[in-house]
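S.K.: Structure, please.
(4 chains)
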2 protein chains.
Amino acid sequence: MTDSPRRRIPEATLSRLPIYLRILGELSDEGTTQLSSDQMAALAGVNAAKVRKDLSYLGTYGTRGVGYDVAFLTYQIQRELGLTHEWPIVVVGAGNLGQALSGYGGFTSRGYPVVAMFDSDLSKVDTVVGGVRVRAIDDLPAVVQSMNVSIGVLATPGAAAQEAADLMVRAGITSILNFAPVVIATPRAVRVRKVDLASELQILSYYEDRRQSANPSADPARTASA
Amino acid sequence: MTDSPRRRIPEATLSRLPIYLRILGELSDEGTTQLSSDQMAALAGVNAAKVRKDLSYLGTYGTRGVGYDVAFLTYQIQRELGLTHEWPIVVVGAGNLGQALSGYGGFTSRGYPVVAMFDSDLSKVDTVVGGVRVRAIDDLPAVVQSMNVSIGVLATPGAAAQEAADLMVRAGITSILNFAPVVIATPRAVRVRKVDLASELQILSYYEDRRQSANPSADPARTASA
DNA sequence: GATTGTGAAAGCGTTCACAGCC
DNA sequence: GGCTGTGAACGCTTTCACAATC
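M.R.: Next up is the predicted model:
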């Protein structure tokens, strides 16, 4: 009776499933119908054992001696990620970054249509960005409820982020993708993922700084980098 | 004689140092001069043992019974991350995302001035975005060399990303922050970090999808989320 | 012969818990 | 008494290596 209705996927694996999914989509577009863990590994920039282990958490969907069926595996990953339907999202903060995120077609094309944008700056309200009208922040609860939105993108300046997050949570948002360069506090039930652009550069410059003392050999071999 | 001139910092720690650094900056602005690992942990959304372990990789910079000196710790983290000077960066791809990244003040203010943008679309060339003129992609090598650029931001569409990355590498770029939704191949010596916006949403929707079967308790306790 | 699926081993990262120092 | 620094324990992730299967 207590058998788990769905296996739990480890975080590390979860973070790679979207990469596999994208590769499968590209292969499908090219007309490829089958691939091995070795091929997937090369395309994803990881090793084959990892690909097999990752996919094994979803179930037994490969065929020994043959490989994986592109269409079937695509379907299984989509199902596992909850991508069988669209997830409407809202963007809070219509500054540079918020505008770019809404204009960037990548969200909509991957099943996350931006249904509304919000800003507290009334001079921005009613402007249209990437086909989406900017609304007053007070309209957030109504939109979240009427359009059944559970995911919000936080793209305000750091100083405004906590207040915006509080509003999002009160409106009923339960997952936040945080681009503001601050750590936000939320109820435990709300899931937050953080993308910190400057941090990424700081990590790169750390390694750049070390290059001086490191080996000066210029290795021309190419490797895939996830 | 073979003592390491600088300790190697684990990746996981490295990814948190920028967060600590930002918090220290905010504390300093408020006039705070001292903090404990407990306080830092609360602000960073991690636990105190992790803060102490992370900082211990840098050296022994705390004082037992007292805590850490904000200014001194700031200096040490900056030194470790190679932030004692500015790192000029270039943005390749002047579409929506590239424009937002250049306009977004966060790079410049944290020591990574955007010194040039590039696009292969000649109709974009010579337009000005966020105070930076867009140049033809052919000018990339000259700019990289004359301005001593080692970090490049890749913000092209997926289909153009590999070619753009090849050009960046040939021009002398040795670290790439990749926003294009594809895995790019580079020589091993070139370091690549990838920010995949749609992947982040896919991870969030996975958990959203599971909420249905999960516990329905609405816990109002607040926790910091990195 | 090819390739998957998976136990077991190895490697990392996190947390505990407490000695050491202020 | 308070707080750091760190060995040791624990848990998660990656990799190995090979039996199972087509």
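
S.K.: Residue A:185 falls within a strand, correct?
M.R.: Yes - checked against DSSP: H, G, I helix; E, B strand; the rest coil, residue A:185 lies within a strand.

S.K.: Any idea how many residues pack against it?
M.R.: Number of residues near residue A:185 (other C-beta atoms under 10 Å in any protein chain shown) recorded here: 18. Glycine gets a C-beta too; all of them are placed from N, C-alpha and C.

S.K.: which residues does it bridge with?
M.R.: Beta-bridge pairing for residue A:185 (DSSP bridges): residue B:224.

S.K.: you'd agree it is up against residue A:163?
M.R.: No - at 11.3 Å, residue A:185 and residue A:163 do not qualify as touching, with contact defined as C-beta atoms under 8 Å.

S.K.: and residue A:182, what is it in contact with?
M.R.: A:158, A:161-162, B:22 (C-beta atoms under 8 Å, 6 or more residues apart in numbering or on different chains).

S.K.: Show me the strands in chain A, by range?
M.R.: Secondary structure of chain A (DSSP state E): strands located at A:34-35, A:62-63, A:67-69, A:89-92, A:114-119, A:128-129, A:132-136, A:151-154, A:175-178, A:184-187, A:191-194, A:222-225.

S.K.: among those strands, where is the model least confident on average?
M.R.: Ranked by mean pLDDT, those bottom out at strand A:222-225, with a mean of 59.

S.K.: and residue A:72, what pLDDT?
M.R.: In this model, residue A:72 is scored at 98, pLDDT.

S.K.: Do I have it right that it meets residue A:61?
M.R.: Yes - look at residue A:72 against residue A:61 with C-beta under 8 Å: they come within range, at 6.3 Å.

S.K.: rewinding a little: any chance of the strands of chain A in JSON lines, plus distance to residue B:18?
M.R.: Listed next are these as JSON lines, based on distance: least, C-beta to C-beta, whole Å:
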{"stretch": "strand A:34-35", "distance to residue B:18": "37"}
{"stretch": "strand A:62-63", "distance to residue B:18": "39"}
{"stretch": "strand A:67-69", "distance to residue B:18": "38"}
{"stretch": "strand A:89-92", "distance to residue B:18": "23"}
{"stretch": "strand A:114-119", "distance to residue B:18": "27"}
{"stretch": "strand A:128-129", "distance to residue B:18": "29"}
{"stretch": "strand A:132-136", "distance to residue B:18": "30"}
{"stretch": "strand A:151-154", "distance to residue B:18": "18"}
{"stretch": "strand A:175-178", "distance to residue B:18": "14"}
{"stretch": "strand A:184-187", "distance to residue B:18": "16"}
{"stretch": "strand A:191-194", "distance to residue B:18": "11"}
{"stretch": "strand A:222-225", "distance to residue B:18": "21"}
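
S.K.: What residues does chain A have near DNA strand D?
M.R.: Contact residues (C-beta under 7 Å from any atom of the strand) of chain A with DNA strand D: A:10-13, A:46-47, A:49-50, A:52-53, A:63-66.

S.K.: If we use 6 Å, what do you get?
M.R.: Within chain A, the positions near DNA strand D by C-beta under 6 Å from any atom of the strand are A:10-12, A:47, A:49-50, A:53, A:63-66.

S.K.: Only whichever of those are buried, select them in PyMOL.
M.R.: One line in PyMOL is enough to select the buried members of the residues of chain A next to DNA strand D, burial here meaning 16 or more other C-beta atoms under 10 Å in any protein chain shown:
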select buried, chain A and resi 50
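
S.K.: of all the residues of chain A next to DNA strand D, which two lie farthest apart?
M.R.: Spatial extent of those (C-beta to C-beta) is set by the pair A:11 and A:65 at 31.4 Å.

S.K.: got the contact list for the spatially closest residue to residue A:63 that is not a sequence neighbour?
M.R.: Sequence neighbours aside, residue A:69 is the residue nearest to residue A:63 in space, at 7.7 Å (criterion: C-beta to C-beta, 6 or more residues apart in numbering or on different chains). Applying C-beta under 8 Å, 6+ apart to residue A:69 gives the contacts A:33-34, A:61, A:63.

S.K.: same thing but at 10 Å, please
M.R.: Residues near residue A:69 by C-beta atoms under 10 Å, 6 or more residues apart in numbering or on different chains: A:24, A:33-35, A:61-63, A:75-76.

S.K.: What is the nearest of those residues to residue B:197?
M.R.: Closest approach to residue B:197 among the contacts of residue A:69 (C-beta to C-beta): residue A:24, at 18.9 Å.

S.K.: so how many other residues sit close to that closest one?
M.R.: Residue A:24 has 24 neighbouring residues, counting by other C-beta under 10 Å.

S.K.: Would you quantify the distance from the closest residue in space to it that isn't next to it in sequence to DNA strand C?
M.R.: Residue nearest to residue A:24 in three dimensions, not counting chain neighbours: residue A:74, with 4.5 Å by C-beta to C-beta, 6+ apart. Distance, residue A:74 to DNA strand C, by C-beta to the nearest atom of the strand, to the nearest Å: 15 Å.

S.K.: Verify the stated contact: residue A:74 with residue A:25.
M.R.: Yes - in this structure, residue A:74 is within contact of residue A:25 by C-beta atoms under 10 Å, at 7.0 Å.
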